[in-house]
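Asks: any chance you could fold what I've pasted below:
(chains A and B)
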Amino acid sequence: IAGITQAPTSQILAAGRRMTLRCTQDMRHNAMYWYRQDLGLGLRLIHYSNTAGTTGKGEVPDGYSVSRANTDDFPLTLASAVPSQTSVYFCASSADTNQPQHFGDGTRLSIL
Amino acid sequence: RKEVEQDPGPFNVPEGATVAFNCTYSNSASQSFFWYRQDCRKEPKLLMSVYSSGNEDGRFTAQLNRASQYISLLIRDSKLSDSATYLCVVNDAGTYKYIFGTGTRLKVLA
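Replies: Below you'll find the model as predicted:
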C-alpha cells in the first residue's frame, strides 16, 4: 500500500544521545516535511525539502538536521537530544507545494 | 494575531446533529486550504481540500470566504465516528509553508 513509513514508532532516549528518525515515501512526491506536535500547539514545521537534493529550515529547526539524498527518504537527525525535544514527530509529503500533505504514523520520542 | 485560528471546542453534539466549524486566516495571499481530522494524536488525515466555489463530500461541506478570510466545515448527520479533532490548514501560494490551526475538538454523543 502506497504511503509514508516512519520508524521507530516510539523511542525513549537519554539526553545527549544522537538519534535519527526515518521517513520513507513511495508516492514519488517531490516535497517532504518534518513536523513536531506538542500539546496545545499546532503542528510546527522543523525542516522541509521541495525536491531531492534541497532542504530548508522551517519554524523550529534548531537542534535538528535533515538530508534528502533521493526522492523517497527524508531522515531527521537530533545530534544531541535534549528534554525539550520530547514530542510526537510527523513526517509528511506532498506531490508539490500547495498540494495536500500526507502524513506518516508518527514517532513518539521521549528524551530523559 | 495567530496566522490560523480555530475555536478549540469541544463541540459536544448528539448523533444526527449538524455542526459547523470556522477557521480564520491572516494572510490574504493564501491560496490553498484543507481540512484534516486527527484522532487521539494519531497522524492527521486529509478530510478534504477547500475550493473557491465550495465543495461537498458526502456529509461534509467546505466553504471558503476570501473576503472575510475564513474557511468553514459543515458536518451533517453526525456519527459517533466523527468524534475527532479537526485541523484547518492554510498554504501560502506555491510555498512549503503550511500553517496548521490547533484544531477544533468534536465529540458526538450517543
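
Asks: for residue A:76, grab the count of nearby residues.
Replies: Residue A:76 is flanked by 22 other residues according to other CB atoms under 10 Å in any protein chain shown. C-beta coordinates here come from the backbone N, C-alpha and C atoms, glycine included.

Asks: for it, list each beta-bridge partner.
Replies: residue A:21, residue A:66 (DSSP bridges).

Asks: OK, contacts around it?
Replies: Listed by CB atoms under 8 Å, 6 or more residues apart in numbering or on different chains, the contact set of residue A:76 reads A:20, A:21, A:23, A:34, A:46, A:47, A:64, A:65, A:66, A:89, A:91.

Asks: farthest pair in those residues?
Replies: Across the contacts of residue A:76, the longest distance by CB to CB is 14.5 Å; it joins A:65 and A:91.

Asks: and the two? Which one has more around it.
Replies: residue A:91 (28 against 14).

Asks: so, low pLDDT: which residues of the chain?
Replies: Going with chain A. Low-confidence segments of chain A (pLDDT under 70): A:1-2.

Asks: right idea, wrong chain: chain B
Replies: Across chain B, the ranges flagged by pLDDT under 70 are B:1.

Asks: what pairs with the helix or strand harbouring residue B:32, parallel or antiparallel?
Replies: Taking DSSP states H and E as the definition, one finds residue B:32 inside strand B:30-38. With DSSP bridges as the test, strand B:30-38 is paired with strand B:45-50 (antiparallel), strand B:84-92 (antiparallel).
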